[in-house]
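1. predicted structure and sequence below. I'll ask about it afterward.
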Amino acid sequence: MGWLWAIIVGFVLGLLAKAILPGKQHSPLWLTTVFGIIGAVIGNSLAASFGIAETRGIDWGRHALQLVAALVIVGLGDMLYVSLRGRRRA
């Protein structure tokens, strides 16, 4: 069940990051989901290092760090995807 939640959270974070980032992102949906999963993992590890991974109630700090990490990963990953795809077609 943990993998299913990772995919769902990664999908939602990836879509949110794509919606927040300016301009058009060219990476496919499956890659956006992978970027979202990576962002969630990085955000969780940052939250754990800051000591806010597990709090009472909703973990807003952890979720914010996950979203920020997903924004960075989706942005950088899309740039890498476009540059690799452009080289392959040329």
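-> That came in fine, so what should we check first? Keep in mind the model is a prediction, meaning the values are calculated, not measured.
2. CA only for contacts and neighbour counts going forward, please
-> Fine.
3. so which bits of the strand or helix carrying Gly39 are buried?
-> Secondary structure assignment for Gly39, by DSSP states H and E: helix 29-50. Going by neighbour count (16 or more other C-alpha atoms under 10 Å), the buried part of helix 29-50 is 31-47.
4. for the lengthiest helix in the chain, which helices and strands make contact with it?
-> When the chain is parsed with DSSP state H, its longest helix is helix 60-89. Where contact means 3 or more C-alpha pairs under 8 Å, 6 or more residues apart in numbering; DSSP states H and E, helix 60-89 is packed against helix 2-20, helix 29-50.
5. in CSV, list those along with distance to Leu76 and mean pLDDT.
-> Conversion of the helices and strands packed on helix 60-89 to CSV gives the following (distance: least, C-alpha to C-alpha, whole Å; pLDDT from 0 to 100):
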stretch, distance to Leu76, mean pLDDT
helix 2-20, 12, 90
helix 29-50, 10, 92
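6. possible to save those helices as JSON lines with distance to Ala64?
-> Compiled in JSON lines, these are given as follows (distance: least, C-alpha to C-alpha, whole Å):
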{"stretch": "helix 2-20", "distance to Ala64": "10"}
{"stretch": "helix 29-50", "distance to Ala64": "8"}
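7. what's near enough to touch Gly61?
-> Residues near Gly61 by C-alpha atoms under 8 Å, 6 or more residues apart in numbering: 47, 52-53.
8. Ile52 contacts Trp60, doesn't it?
-> No - counting by C-alpha atoms under 8 Å, Ile52 sits too far from Trp60 to count as a contact (9.1 Å).
9. fine, thanks again, bye for now.
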